[in-house]
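>>> would you be able to build a 3D model of this:
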Amino acid sequence: MIPDQVSNLLRKWEIPADHLVFEITESSIMSDVARATETVNHLDRMGVRISIDDFGTGYTSLSCIRKLPVSEIKVDKSFVLNMRESNDDAVIVRSVVDLGHNLGLEVVAEGVEDRETWDMLGGLGCTTAQGYYICRPVDPAAMAAWAHSQPQKSQEVPRLRAAGRR
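Residues are numbered from 1 along each chain as shown. Here you go, the predicted model:
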């Protein structure tokens, strides 16, 4: 069972459970709601934080999300990438940000590729972003070097902070 494997790995590497954010996609929740609920609840009892990835692309009912111990939702990049050109996508992003905040959740915008999108998200009150504008995927050694050598983009726009890459 996944929670047992996670527990063993946390113990092996001596990592506090609350330092781990376990991402689950909307579609995987809906493919087996009972199993997903059991797994997510078990991970939550361990102290692991839960994030719903690709939010907005699946068919997760709001009542299902409300019942799960979720701490974060990630706005799917398909909406974020087009929000500057598509009013519909901008409305969806704004709505998801508002929904997440109203439910007391952290909201991460995926697919932030440029400064203009970064600024728009900050204006919407989105507090966390990830994407190529912040940093392209790198290995751990390169990430440490990047973190020490680059000015923090979060200092440019205090409302936003960069999320870690997967």
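
>>> give me phi/psi at the residue sitting nearest the centre point of the chain?
Centroid check for the chain by C-alpha atoms, centre = their mean gives Lys74 as the closest residue, at 3.7 Å. In terms of degrees, to the nearest 10, the main-chain angles of Lys74 are phi -110, psi 120.

>>> which other helices and strands contact the strand ranked longest in the chain?
When the chain is parsed with DSSP state E, its longest strand is strand 49-55. Judged by 3 or more C-beta pairs under 8 Å, 6 or more residues apart in numbering; DSSP states H and E, strand 49-55 is in contact with strand 21-25, helix 26-31, helix 33-46, strand 72-75. Just so you know, the C-beta spots here come from the backbone N, C-alpha and C atoms, and that holds for glycine as well.

>>> how does it look with 6 Å?
If you count contacts as 3 or more C-beta pairs under 6 Å, 6 or more residues apart in numbering; DSSP states H and E, strand 49-55 packs onto strand 21-25, strand 72-75.

>>> just these: most buried one?
strand 72-75 (a mean of 25; mean count of other C-beta atoms under 10 Å).

>>> the bottom helix or strand of the protein by mean pLDDT?
Lowest by mean pLDDT, DSSP states H and E among the helices and strands of the chain is helix 153-156, with a mean of 48.

>>> number of nearby residues for His101?
Residues lying near His101 (other C-beta atoms under 10 Å) number 15.

>>> swap that for Gly123, sorry
By the criterion of other C-beta under 10 Å, Gly123 has 11 neighbours.

>>> quick one, phi/psi of it?
Gly123 adopts backbone torsions of phi -70, psi -30, taken as degrees, to the nearest 10.

>>> quick one: it from Val6, how far?
Remark: distance between Gly123 and Val6 (C-beta to C-beta, to the nearest Å) = 37 Å.

>>> helix, strand or coil for Gly104?
Following DSSP: H, G, I helix; E, B strand; the rest coil, Gly104 is assigned to coil.

>>> returning to that earlier point: next, give phi and psi for the closest residue to the residue nearest to the centre of the chain other than its chain neighbours.
The shortest distance from Lys74 to any non-neighbouring residue, by C-beta to C-beta, 6 or more residues apart in numbering, is to Val108 (4.4 Å). Dihedral pair for Val108: phi -110, psi 130, per degrees, to the nearest 10.
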